[in-house]
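Student: Sequence plus the predicted model coming up.
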Amino acid sequence: MDHFKTIIGHSPSLDSIIRSAKMVAATDVTVLIKGETGTGKELFANAIQKESHRAEKPFITLNCAALSESLIESELFGHKKGAFTGAATAKEGLFEAANGGTVFLDEINSLPLSIQAKLLRFLESGECLAVGDTKTYTVDVRIIAATNTDLNQLVKEGGFRRDLYYRLDVVPLELPPLVKRLEDLEHLIKHFLAMIATAHGIDPPTVSKAALSALKGYSWPGNIRELRNLCERLSILLAGRPIEVDNLPSEFFSGSNQGSTENFVLPNEGINLERLEVELIQQALDRTNGNRSKSAKLLGLTRDTLLYRMQKHGFKGSEK
């Protein structure tokens, strides 16, 4: 079974990453997965582990941002009985528990500097030192790390060890944000709607063309995780019914999420602003089958403002 098929999408940027990940999976090299929150870094880590020769061995995940410095050291390397207050018994660390398998260190950018030094030693020699112990132990564990922060910039700021960064960044996999792979959006929506419908025993909703157009115009700051959450909400509220523009949350029409003009460059020959406004209004009406309320939302206008501009430009048609 190709476990990378669980990653939905066929955009060129995603296909390129999957090809690299498949090659990486066949080796034992350390992997650093980069990408914004919600882009699917853990999904890639799982696929790499399942396609590797370590697939039948333990796969353990740790979010480095979830624990304090003292706890994360004990969690990774273990501790001896009496090593610190509350250590009533000895504890096996994650590296020892994962011997022969893989450890996925998520948000490694949050790893304290003191622990970074111990992790570097492990990556270079396979040696671990439990808290409160003086004798090291050796394990065979592959490391897959992930970050939602620019580690190179963090190195410059003194928040991350340069030598550890180079040791982790052997094969970097940089996942694109959802807004950079919008050609996959419709496939992802259908996948999530079907999956959620099966899980809850309901009929999946459908997505109208106008709603899909609005979804493609959104900036998706939460990436695929945000999309999945939206699909679950709409699946519950609109089971078996069409999803229309009016069913989408208000943030899809707020000014901060409208199409950005920061990269628009006015042509040297200029533009006909009135003609452009007419064309945009016509496109909005076409996408919403003439519904003026929905068209106004797509254009970031109030309905009354849209009606005024339609009247100004001589638009005709039935009231919707």
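Tutor: Yep, it's here.
Student: so the residue positioned nearest the centre of the chain, which of the three states?
Tutor: In the chain, the centroid-proximal residue (CA atoms, centre = their mean) is residue 39; its distance is 1.6 Å. Residue 39 falls in the coil class when you classify it by DSSP: H, G, I helix; E, B strand; the rest coil.
Student: Quick check: pLDDT value at the residue nearest to it when sequence neighbours are not counted.
Tutor: Nearest residue to residue 39 in three dimensions, chain neighbours excluded: residue 175, at 4.2 Å (CB to CB, 6 or more residues apart in numbering). (Each C-beta comes from the backbone N, C-alpha and C, glycine too.) We have a pLDDT of 96 for residue 175.
Student: Pull the number of nearby residues for residue 175.
Tutor: Residue 175 has 26 neighbours, counted by other CB atoms under 10 Å.
Student: tell me the contacts of the residue nearest to the centre of the chain?
Tutor: 175, 176, 177, 178, 223, 224 (CB atoms under 8 Å, 6 or more residues apart in numbering).
Student: isn't the first one right up against residue 41?
Tutor: When you say that, I think you mean residue 175. Yes - look at residue 175 against residue 41 with CB atoms under 8 Å: they come within range, at 6.2 Å.
Student: okay, now residue 267: neighbour count?
Tutor: Neighbour tally, residue 267, other CB under 10 Å: 7.
Student: How about the secondary structure of it?
Tutor: Under three-state DSSP, residue 267 falls in the coil class.
Student: Okay, it and residue 297: tell me how far apart.
Tutor: Distance, residue 267 to residue 297, using CB to CB, to the nearest Å: 29 Å.
Student: same question, residue 47
Tutor: 38 Å.
Student: Which residue ranges of the stretch 101-250 of the chain form strands?
Tutor: Assigned by DSSP state E, counting those that start in this stretch, the stretch 101-250 of the chain shows strands spanning 102-106, 127-128, 137-138, 142-147, 171-174, 206-207, 242-243.
Student: how distant is the fourth one from the center of its chain?
Tutor: Spelled out, it's strand 142-147. Remark: strand 142-147 is offset 16 Å from the chain centroid, using CA atoms, centre = their mean, to the nearest Å.
Student: about what we covered before: tell me which of the contacts of residue 39 is nearest to residue 8?
Tutor: The closest of these to residue 8 turns out to be residue 224 (CB to CB; 8.7 Å).
Student: What number of residues are in the vicinity of the closest one?
Tutor: 24.
Student: wouldn't it be in contact with residue 178 here?
Tutor: Yes - if you go by CB under 8 Å, residue 224 and residue 178 touch, sitting 5.6 Å apart.
Student: Domain parsing of this protein, as residue ranges.
Tutor: Annotated domains of the chain cover 3-176, 180-261, 265-320 [automatic domain parsing].
Student: Comparing those domains by mean pLDDT, which bottoms out?
Tutor: domain 265-320 (a mean of 81).
Student: and the residue nearest to residue 39, backbone torsions?
Tutor: Main-chain dihedrals, residue 175, degrees, to the nearest 10: phi -80, psi 130.
Student: separation between it and residue 66?
Tutor: With CB to CB as the criterion, residue 175 and residue 66 are 21 Å apart.
Student: before we move on, what about residue 199?
Tutor: In terms of CB to CB, residue 199 sits 26 Å off from residue 66.
Student: what number of residues lie near residue 111?
Tutor: For residue 111, using other CB under 10 Å, the count is 25.
Student: go on, residue 53?
Tutor: Residue 53: 11 surrounding residues under other CB under 10 Å.
Student: Next, the distance between the ends of stretch 296-313.
Tutor: Start-to-end span of stretch 296-313 (CA to CA, to the nearest Å) is 15 Å.
Student: All further residue positions should be reported with the first residue as 55.
Tutor: Okay, using 55 as the starting number, the last item reads as stretch 350-367.
Student: Need the contact partners of that stretch.
Tutor: Counting by CB under 8 Å, 6+ apart, residues outside stretch 350-367 touching it are 264, 267-268, 271, 299-300, 307, 309, 312, 328, 331-332, 334-335, 338, 341-342, 346-347, 349.
Student: Go again with 7 Å.
Tutor: Stretch 350-367 has contacts (CB atoms under 7 Å, 6 or more residues apart in numbering) with 268, 299, 307, 309, 312, 331-332, 334-335, 338, 341-342, 346-347, 349.
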